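*Asks:* The following block contains a protein sequence and its predicted model.
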Amino acid sequence: MTVVQKLREAGYQAVHLREQGLQTLPDSAILEKAHQEDHIILTFDLDFGDLLAANNQSLPSVIIFRSQNPKPIAVALRLLTILIESRKELWAGAIITVEEGRYRLRKLPIQSLAET
């Protein structure tokens with residue numbers, strides 16, 4: 001079972017770029033596509049958070065997995081919990097970094113230290 005399949009079973013509208021033949025899109029194009037379609041990006045790639053911060057964007061939300069267990073069932077179960085617990089923040093714009101046993105949420109846009 002894939003993460004996308006598990007999300008669909010739970011009632012979420014989930015799409016993998018590979019299903020659309022778009023797996024080679026540059027990260028900036030993926031961000032734009034997700035923003036236009038009101039999707040959340042699920043990734044293991046840290047670059048998405050950096051791009052959002054550098055461009056002062058507030059959407060789309062990104063969930064970044066930094067897990068030792070990248071098995072789809074483990075990712076899906078953890079993800080389902082996070083989607084429920086952080087629903088409001090994800091809708092408004094957030095980056096969530098998922099690690100073993102915890103996750104960190106930062107609201108978007110990310111303020112630089114000079115701006116605070």
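*Replies:* Here it is on my side, so go on.
*Asks:* Low-confidence ranges, the chain, go.
*Replies:* Where the chain drops to pLDDT under 70, the residues are 112-116.
*Asks:* the strands in it, which residues?
*Replies:* 41-43, 62-65, 94-99, 102-107 (DSSP state E).
*Asks:* The shortest one pairs with which strands, parallel or anti?
*Replies:* Strand 41-43 sits in its sheet next to strand 62-65 (parallel), going by DSSP bridges.
*Asks:* Contacts for the partner strand next, please.
*Replies:* Residues from elsewhere that reach strand 62-65 (Cβ atoms under 8 Å, 6 or more residues apart in numbering): 40-46, 48-49, 52, 75, 78-79, 82, 90, 94-98. C-betas here are computed from N, CA, C, even on glycine.
*Asks:* same question, stretch 41-59
*Replies:* Residues from elsewhere that reach stretch 41-59 (Cβ under 8 Å, 6+ apart): 3, 27-28, 30-31, 34-35, 60-66, 70, 79, 92-93, 95, 97, 108-110.
*Asks:* chain center to that stretch, what's the gap?
*Replies:* Offset of stretch 41-59 from its chain centre (Cα atoms, centre = their mean, to the nearest Å): 9 Å.
*Asks:* what's the answer for stretch 72-87, then?
*Replies:* In terms of Cα atoms, centre = their mean, the centre of stretch 72-87 is found 11 Å from the chain centre.
*Asks:* wait, doesn't Ile95 sit right on Tyr103?
*Replies:* No - applying Cβ atoms under 8 Å as the test, Ile95 and Tyr103 come out as separate, 10.4 Å apart.
*Asks:* neighbour-wise, which of the two wins?
*Replies:* Per other Cβ atoms under 10 Å, whichever of Ile95 and Tyr103 has more neighbours is Ile95, with 22 against 19.
*Asks:* Next one: that one from Asp47, what distance?
*Replies:* 12 Å (Cβ to Cβ, to the nearest Å).
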